[in-house]
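Asks: How does the following fold in three dimensions:
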Amino acid sequence: MLPLAEDLPAPEVAIPPVTITQLEVAINRLRRRPLDVGNYGDAFDAHETQRAHLEVLYRSMVTKRQHAVPLSAIPESARFALHVSGSAQE
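Replies: Here you go, the predicted model:
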């Protein structure tokens with residue numbers, strides 16, 4: 001008798017690493033976003049914190065001469081800026 005689908009272990013999903021080029025693109029994408037305007041007409045950058053996280057990671061990668069880091073090295077709040085496929089981002 002063949003095993004049922006629910007009895008089989010879930011396949012491992014390989015999460016691709018994030019390259020320094022992808023970080024550059026994400027940082028530039030966040031820089032180009034227009035400022036958000038609040039209810040009282042005050043303008044603010046809603047993604048300033050996420051951009052700061054990515055810039056710190058980018059600088060450390062350049063300093064250490066790393067070309068890629070695991071997706072888990074990027075804070076979850078900043079992952080939306082990366083267009084990386086994988087179950088960890090969904």
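
Asks: can you list the residues that contact the biggest helix by length in the chain?
Replies: For the chain, the longest helix by residue count, based on DSSP state H, is helix 48-64. With Cβ atoms under 8 Å, 6 or more residues apart in numbering as the test, helix 48-64 has contacts from 20, 23-24, 26-27, 30-31, 45, 66-67, 69, 73-75, 77-78, 80-81. Backbone N, C-alpha and C define where each C-beta goes, glycine included.

Asks: Just the buried residues from these, in ChimeraX please.
Replies: For the buried members of these, the matching ChimeraX selection, counting by 16 or more other Cβ atoms under 10 Å, is:
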select :20,23,26,27,30,69,74,78,81
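
Asks: Now go through the contacts of helix 48-64 and say which are in helices.
Replies: Judged by DSSP H, the subset of the contacts of helix 48-64 located in helices is 20, 23-24, 26-27, 30-31.
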